[in-house]
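A.B. asks: sharing a sequence plus its predicted fold:
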Amino acid sequence: MNSDIEKVLVSEKEINEANERLGKDLTEEYSGKNPLFVCILRGAAMFMMDLIRHVDIPMEYDFMDVSSYGGENTDTTGDVKIVKDLDTSLKGRDVVIVEDIIDTGFTLDRLIKLFETREAKSIKIVSFLDKPARRIKQVHVDYIGVQIPDAFVVGYGMDYNEHYRNLPYVGVLKPEVYNAK
Ligand SMILES: O=P(O)(O)OC[C@H]1O[C@H](OP(=O)(O)OP(=O)(O)O)[C@H](O)[C@@H]1O
Ligand SMILES: Nc1nc2[nH]cnc2c(=O)[nH]1
């Protein structure tokens, strides 16, 4: 285990189990619909690539980069900025927004409103993690991998100051890691 990690919250085994279950559910729901999976960079990249191995139907994907947290800031600003937009039209498409984590809900709330203006036929959300204790915007998350308590997590795509995204599990950092920065 990485020496900066205090505790593993979601193990590799639990990650694989969640992805298998979610992939099966999405395969059933979207059969015959050629859904467009929209990966919200950067955190959700690892999750989406694992998830779609279990989605056994024709589908497409695209990437969008939005940002509300930056650098050493582990709290939300409520201000969501589009850094890179989609290349694919959403008009008439069954869209699945793929997120790594829903925390305050600000990012998702903003994205859903934006995608509605782009005339998507349907919009559903799959998030690997859900942290309901910190919700400010009430958003409906259709598919959830794992619910976690109120803690700032890293790994499996998620960063602290751009580090730890490559860890194959989700964990909590030791307090001294923050103090050292
Ligand atoms: O529910 P919220 O409070 O809005 O938080 C969730 C968002 O925060 C994270 O992204 P972040 O801005 O950290 O960017 P990153 O994915 O590039 O690390 C995560 O990927 C979500 O998009
Ligand atoms: N890395 C990381 N990004 C987040 N964005 C919203 N919540 C979190 C979190 O717990 N960890």
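C.D. replies: Good, I have the coordinates. Numbering: from 1, shown residues only. Ligands and ions are numbered 1, 2, ... in the order given.

A.B. asks: helices or strands next to the lengthiest helix in the chain in the packing?
C.D. replies: Ranked by number of residues, the top helix in the chain under DSSP state H is helix 12-30. Based on contacts counted as 3 or more Cβ pairs under 8 Å, 6 or more residues apart in numbering; DSSP states H and E, the elements that helix 12-30 packs against are helix 45-51, strand 94-102, strand 122-130, strand 143-147. Every residue, glycine included, has its C-beta placed from N, CA and C.

A.B. asks: ok, now with 7 Å
C.D. replies: Judged by 3 or more Cβ pairs under 7 Å, 6 or more residues apart in numbering; DSSP states H and E, the packing partners of helix 12-30 are helix 45-51, strand 143-147.

A.B. asks: so is stretch 138-156 next to ligand 2?
C.D. replies: Yes: contact of stretch 138-156 with ligand 2 is found when judged by Cβ under 6 Å from any ligand atom, involving Phe152, Val153, Val154.

A.B. asks: ok, the nearest residue to Ala18 once chain neighbours are set aside to ligand 1 distance?
C.D. replies: Once its chain neighbours are removed from consideration, Ala18 has its nearest residue in Gly145; the separation is 3.8 Å (Cβ to Cβ, 6 or more residues apart in numbering). Using Cβ to the nearest ligand atom, to the nearest Å, Gly145 is found at 13 Å from ligand 1.
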